[in-house]
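Participant: Generate coordinates for the sequence data below:
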Amino acid sequence: MSPRWEPDPDIRRGNHVIYNLHAHLVFVTKYRRGIFDDAMLTRCEAIMRDVCESFGAELREFNGEGDHVHLLVHYPPKVAISKLVNSLKGVSSRYLRAEYTGR
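Facilitator: Predicted coordinates for the structure are as follows:
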């Protein structure tokens, strides 16, 4: 077979669509305060993986420092990126505040 017909794991397929959509997202804390520690980053990654799975997306990479996190998300075309970002920020904020500040 020709090389163009070989299966590529990065390209996802639906009934009527072939896509390879990625978004590089950076979420910054308010006033760039360094509040994340290793335990919070680990929990944040788990929360964001769950949110991505609920949207049918895949969290390919996650990395963070004290004042920001980076995400590389592979998402389907039926998902509006604005709704995905809204859910990622809202859900992670709620869970992290409840678990680490007691609010």
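Participant: What ranges does this structure have for its strands?
Facilitator: Here the chain has its strands, by DSSP state E, at 12-13, 18-19, 22-28, 58-64, 68-74.
Participant: residues touching His24, list them.
Facilitator: Residues near His24 by Cβ atoms under 8 Å, 6 or more residues apart in numbering: His70, Leu71, Leu72. Bear in mind the C-beta positions are built from the backbone N, C-alpha and C, glycine included.
Participant: now swap in Phe36 and tell me
Facilitator: Phe36 neighbours (Cβ under 8 Å, 6+ apart): Thr29, Cys44, Gly64, Glu65, Gly66, Asp67, Val69.
Participant: just the buried members of those residues?
Facilitator: Cys44, Gly64, Val69 (16 or more other Cβ atoms under 10 Å).
Participant: Make TSV out of those and add pLDDT and distance to Ser92.
Facilitator: Output for the buried ones among the contacts of Phe36, formatted as TSV (pLDDT from 0 to 100; distance: Cβ to Cβ, whole Å):
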residue	pLDDT	distance to Ser92
Cys44	96	6
Gly64	95	11
Val69	97	9
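Participant: For Glu99, state which of those is nearest.
Facilitator: Distance to Glu99, by Cβ to Cβ, is smallest for Cys44 among the buried ones among the contacts of Phe36, at 10.2 Å.
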